[in-house]
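>>> Take a look and give me a structure for this.
(2 chains)
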2 protein chains.
Amino acid sequence: MYREKIRVLDCTIRDGGLINNHDFDRRFVREVYRALSTAGVDYMEMGYRNSKKLFSSKEYGLWKFCEDDEIRRAIDGIESKVKIAIMCDVGRVDMEEVKPKSESPVDMIRVAAYVKDVDKAIFMVNNFAEKGYETTINIMAISRDQGPELDEALHQIEEESKVDVVYIVDSFGALYQETTEHLVKLFKKILKTREVGFHGHNHQQLAFGNTIEAIIHDANYLDGTVYGIGRAAGNCPLELLIGFLKNPKFDIRPILDLISKEFIPLREKIEWGYIIPYAISGMMNEHPKAAMALRNSTKKEDYREFYEGLLNIGMD
Amino acid sequence: MYREKIRVLDCTIRDGGLINNHDFDRRFVREVYRALSTAGVDYMEMGYRNSKKLFSSKEYGLWKFCEDDEIRRAIDGIESKVKIAIMCDVGRVDMEEVKPKSESPVDMIRVAAYVKDVDKAIFMVNNFAEKGYETTINIMAISRDQGPELDEALHQIEEESKVDVVYIVDSFGALYQETTEHLVKLFKKILKTREVGFHGHNHQQLAFGNTIEAIIHDANYLDGTVYGIGRAAGNCPLELLIGFLKNPKFDIRPILDLISKEFIPLREKIEWGYIIPYAISGMMNEHPKAAMALRNSTKKEDYREFYEGLLNIGMD
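Here you go, the predicted model:
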């Protein structure tokens, strides 16, 4: 028996964009949108809405900016019920550039923030909510931020914000089932009038398992990406999530086609998935950036040295 | 705080042997043994003890037979506390050829059986136990066999056998956390005087997550393989399991070295891991043999056709 409230959000282009400077071509993005539409996925996150005053469009692809006109062009002519989401980082968006919902193809704006930035995130989501958007706050790096500051931030969100959904984001791929259970219960307890979401990272092959754990404890907004694409080890594979969920509206077949045709060739060109330095980062609750640098070096398979280097950082 | 009773069993050579006809060379097996010894792993499973009357040593490598002398040669001169395990399938071993423990380098014999073969498995483990070996019964394909026959088999094992450990084997990679929890609790309830083990398969990237789930509910014998090698999608990666367990006797570094030096090159030659047809088999609770055949065909990336084919079988 399925839970009607569950929503699946695909962030293939957004999180996948972190490994190719958001430089997916328009055809590719259309193919993803088309497949998600047929598969019955609820939301598609297209990328980040960053200000062009802060980032150069020569250095980054279209999906670093997600301009309304580009989104319109990507989805034009494809029959779909998929809602469009974009992500904003605290401090990187020009709020004035975000038009009212009635003038935009975007349905949902997700604000990514660390616990320490919760005031800024609340300011942003309230602004977006007043403009008519669905909103989320995605609390990043939560495996490092589980102290009383987190409780306080959640209380503040519950009391001061108009946000619809608050996400647990396992940026470091460091959560296990027990920590996931603990966090979802904590979020549900404090955020009495909001939905809880879960965004896993797959450093320790636990993104899907932790997503199931989050479902068990009543998180209703679930992120996935096609073939698990995403920064470092990537995310919860959308195909596994759809295979698990019981709602008959989901159809895995368009996603299977998309992987066959687009993602198998893509994986030959860019790297994500189960790779030992990312696993080590996850075990040690570290940001994957050191591992990402290692994978771009001549020492990419020198796991022991990498591990001992992280151990030493921990002891400094 | 760690649980002293937990035992880690590496089945790299045994389950990995299922994808290369058990044809690892002696040097490779020695390197695995050496690394496991330094890493503090409790058991190493070398392969199957099959009768040479049933299988040709021209078609299969040394580890299909695991003769005592070959095992001695593999471990000779390496300082180690690792116990040696071998596996026997019901009906494929010549019981007379199994010498008493006092004359063998083997410490543990694991009998792999389906629920329907439980009488044969009990007969075998009792024989091996009388010869002085530690024994296990590994109940295969358990995701298909969860009816009253399973309860009856477990009662019979508890009442009639001398076995030390009974394993839940997720041959099809079809278990989720909730089914894993259910099974471990069922095993613990009926097998009051035995230990419970867990052997995961990684078709849906849940081998490690389900192993953690089994630990939470008091399974103490845990299987893993280096870099997750094993049939189809492979097994629970040993490096993740060791990274998770808290017992200070474990050291992940020799395993990291082994992956760098031996398993990265090996993975270029033989295939295992997260591959969509195996994921589909897991979702549909099917043996991976159809997916393995697909991967050896020209249609290896035709996932939709494969999926629809399995759907049709299910409806026949």
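>>> Next up, the contacts around whichever residue of chain A sits closest to chain B.
In chain A, the residue that lies nearest chain B is residue A:209 (2.7 Å; C-beta to the nearest C-beta). Yep, even glycine has a C-beta here, placed from its N, CA and C like the rest. Taking C-beta atoms under 8 Å, 6 or more residues apart in numbering or on different chains, we find residue A:209 in contact with A:177, B:177, B:205, B:206, B:208, B:209, B:210, B:212.
>>> ok, now residue A:39?
For residue A:39, the contacting residues are A:242, A:250, A:251, A:252, A:253, A:254, A:255, by C-beta under 8 Å, 6+ apart.
>>> Could I have the CA atoms of stretch A:276-296 written out in PDB?
Output in PDB follows, covering the C-alpha atoms of stretch A:276-296 (Å, rounded to 0.1, in the frame of the first residue of the first chain):
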ATOM      1  CA  ILE A 276      37.200   4.200  -2.700                       C
ATOM      2  CA  PRO A 277      38.400   7.800  -1.800                       C
ATOM      3  CA  TYR A 278      34.800   8.900  -1.600                       C
ATOM      4  CA  ALA A 279      34.000   5.900   0.600                       C
ATOM      5  CA  ILE A 280      36.800   6.900   2.900                       C
ATOM      6  CA  SER A 281      35.500  10.500   3.000                       C
ATOM      7  CA  GLY A 282      32.100   9.200   4.000                       C
ATOM      8  CA  MET A 283      33.500   6.900   6.700                       C
ATOM      9  CA  MET A 284      35.500   9.800   8.100                       C
ATOM     10  CA  ASN A 285      32.600  12.400   7.800                       C
ATOM     11  CA  GLU A 286      34.700  14.700   5.600                       C
ATOM     12  CA  HIS A 287      33.700  16.800   2.600                       C
ATOM     13  CA  PRO A 288      34.600  15.000  -0.600                       C
ATOM     14  CA  LYS A 289      36.600  17.800  -2.000                       C
ATOM     15  CA  ALA A 290      40.000  16.300  -1.000                       C
ATOM     16  CA  ALA A 291      38.900  13.000  -2.600                       C
ATOM     17  CA  MET A 292      37.700  14.900  -5.700                       C
ATOM     18  CA  ALA A 293      41.200  16.500  -6.000                       C
ATOM     19  CA  LEU A 294      42.800  13.100  -5.500                       C
ATOM     20  CA  ARG A 295      40.800  11.700  -8.400                       C
ATOM     21  CA  ASN A 296      42.200  14.500 -10.700                       C
END
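>>> Could you identify the buried members of the contacts of residue A:39?
Burial by neighbour count, 16 or more other C-beta atoms under 10 Å in any protein chain shown: within these this picks out A:242, A:250, A:252, A:253, A:254, A:255.
>>> restrict those to contacts with chain B.
Near chain B, taking C-beta under 8 Å from any C-beta of the partner chain as the test, the members of the buried ones among the contacts of residue A:39 found are A:252, A:253.
>>> and the buried ones among the contacts of residue A:39, which of them are in helices?
A:242, A:253, A:254, A:255 (DSSP state H).
>>> how about JSON lines for the contacts of residue A:209, with secondary structure, pLDDT and distance to residue B:289 added?
Below are the contacts of residue A:209 laid out as JSON lines (DSSP: H, G, I helix; E, B strand; the rest coil; pLDDT from 0 to 100; distance: C-beta to C-beta, whole Å):
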{"residue": "A:177", "secondary structure": "helix", "pLDDT": "97", "distance to residue B:289": "30"}
{"residue": "B:177", "secondary structure": "helix", "pLDDT": "97", "distance to residue B:289": "26"}
{"residue": "B:205", "secondary structure": "coil", "pLDDT": "98", "distance to residue B:289": "20"}
{"residue": "B:206", "secondary structure": "coil", "pLDDT": "98", "distance to residue B:289": "20"}
{"residue": "B:208", "secondary structure": "helix", "pLDDT": "98", "distance to residue B:289": "24"}
{"residue": "B:209", "secondary structure": "helix", "pLDDT": "98", "distance to residue B:289": "24"}
{"residue": "B:210", "secondary structure": "helix", "pLDDT": "98", "distance to residue B:289": "21"}
{"residue": "B:212", "secondary structure": "helix", "pLDDT": "98", "distance to residue B:289": "28"}
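>>> nearest to residue A:280, of those residues?
Sorting those by how near they are to residue A:280, with C-beta to C-beta, puts residue B:208 at the top with 14.4 Å.
>>> mind giving me the domain ranges of chain A?
Taking automatic domain parsing as the reference, chain A has its domains at A:7-269, A:276-315.
>>> right, and those domains - which one's nearest residue B:108?
Nearest to residue B:108 among these is domain A:7-269; the distance by C-beta to C-beta comes to 27.2 Å.
>>> Quick one: end-to-end length of the closest one, please.
With C-alpha to C-alpha, to the nearest Å applied, domain A:7-269 spans 31 Å between its terminal residues.
>>> isn't residue A:16 right up against residue A:228?
No: with contacts defined as C-beta atoms under 8 Å, residue A:16 does not count as touching residue A:228, sitting 9.6 Å away.
>>> Give the intersection of the neighbour lists for the two.
Residues within reach of residue A:16 and of residue A:228 at once, by C-beta under 8 Å, 6+ apart, are residue A:272.
>>> the more surrounded of those two?
residue A:228 (31 against 28; other C-beta atoms under 10 Å in any protein chain shown).
>>> so that one sits right up against residue A:200, yeah?
No: proximity of residue A:228 to residue A:200 does not meet the contact threshold set by C-beta under 8 Å, at 9.8 Å.
>>> Spell out which residues are contacts of both of the two.
Counting by C-beta under 8 Å, 6+ apart, the residues touching both residue A:228 and residue A:200 are A:207, A:235, A:236.
>>> Export those as JSON lines, with columns for pLDDT and neighbour count.
Output for those, formatted as JSON lines (pLDDT from 0 to 100; neighbours: other C-beta atoms under 10 Å in any protein chain shown):
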{"residue": "A:207", "pLDDT": "98", "neighbour count": "30"}
{"residue": "A:235", "pLDDT": "98", "neighbour count": "31"}
{"residue": "A:236", "pLDDT": "98", "neighbour count": "30"}
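>>> Quick one: distance of the helix or strand containing residue A:33 to the chain centre.
Mapping residue A:33 onto the secondary structure by DSSP states H and E places it in helix A:26-39. Mean C-alpha position of helix A:26-39 versus that of the full chain (C-alpha atoms, centre = their mean, to the nearest Å) differs by 18 Å.
>>> Quick check: next helix or strand after it?
Elements were assigned by DSSP H and E; along the chain past helix A:26-39, the next helix or strand is strand A:43-48.
>>> same for that following strand, what does it pack against?
Secondary structure elements in contact with strand A:43-48, counted by 3 or more C-beta pairs under 8 Å, 6 or more residues apart in numbering or on different chains; DSSP states H and E, are strand A:7-10, helix A:12-16, helix A:26-39, strand A:83-89.
>>> just checking, what packs against the helix or strand in which residue A:183 is found?
With the criterion set as DSSP H and E, the secondary-structure element containing residue A:183 is helix A:177-190. In terms of contacts (3+ C-beta pairs under 8 Å, 6+ apart), helix A:177-190 is packed against helix A:148-160, strand A:165-169, strand A:195-199, helix A:207-216, helix B:207-216.
>>> in it, what counts as buried?
By neighbour count, and taking 16+ other C-beta under 10 Å as the criterion, the buried residues in helix A:177-190 are A:177, A:179, A:180, A:181, A:183, A:184, A:186, A:187, A:188, A:190.
>>> Equivalent analysis for stretch A:72-91, please.
By neighbour count with 16+ other C-beta under 10 Å, stretch A:72-91 contains the buried residues A:74, A:75, A:82, A:83, A:84, A:85, A:86, A:87, A:88, A:89, A:90.
>>> I'm done for today, thanks for sticking with me.
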